[in-house]
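>>> Predicted model follows, preceded by the sequence.
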Amino acid sequence: MHSRIFLYRKGNEINKSNITINSFDDHWFTNTIADYVVNSSLHEDIKWLKATLNDLPIEVNIDNKNIIARDDFKNKYFHNKYDKFTRLLTEMKDNITLGKFSDRDINIFNILWQLNNLYNDKYSFYFCNKDMEMLTMDEFVRKVEVNCEYFLVMSFDYHF
């Protein structure tokens, strides 16, 4: 499957990035998440990002290549994930016995994987700054500042 990495800069930061697909050759990302990274169309990828964030309080401007999160964006972004997360926690608490916990119960592993994925989806969009700090979409949303302009400078396709 494929997803995207967006190279971004915040507000008035100077974009002095030399990041290319070769930057990912010996990077932790291609050793743990991605099979490979290739160049991609920023315009098309911003359209995909915009469709993904549809109906949320965030402005995704395809022409200006920027995003601006508005009030309550984080809560609305995480609302459904949080509901699923808490339901799974309740299910896990109600259905896991000491016997299942001390045995090799695949259901426990699956629920733990789902919980982790709901909290931080490691196979989603990534956001990368000029210092090669890679953030999942979930980590980026947690970090994003309301009403701050983030410019999307470049994008990469990654396969996992």
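Ah, there it is.

>>> how deep is Tyr8 tucked in, by neighbour count?
24 (other CB atoms under 10 Å). Just so you know, the C-beta spots here come from the backbone N, C-alpha and C atoms, and that holds for glycine as well.

>>> One more: Asn107?
Taking other CB under 10 Å as the definition, Asn107 ends up with a neighbour count of 12.

>>> Now do it against Asp138, distance only.
According to CB to CB, to the nearest Å, Asn107 stands 24 Å off from Asp138.

>>> Which parts of this protein are helices?
28-32, 42-52, 73-95, 98-102, 106-119, 137-143 (DSSP state H).

>>> The first one - what's its average pLDDT?
Meaning helix 28-32. Mean pLDDT, helix 28-32: 89.

>>> for stretch 55-64, same thing?
Averaging pLDDT along stretch 55-64 yields 96.

>>> Please state the offset of it from the chain centre?
Distance of stretch 55-64 from the chain centroid (CA atoms, centre = their mean, to the nearest Å) equals 16 Å.

>>> Same check on stretch 36-50?
Worked out by CA atoms, centre = their mean, stretch 36-50 lies 14 Å from the chain centre.

>>> Distance across that stretch, terminal residue to terminal residue?
End-to-end distance of stretch 36-50: 24 Å, with CA to CA, to the nearest Å as the criterion.
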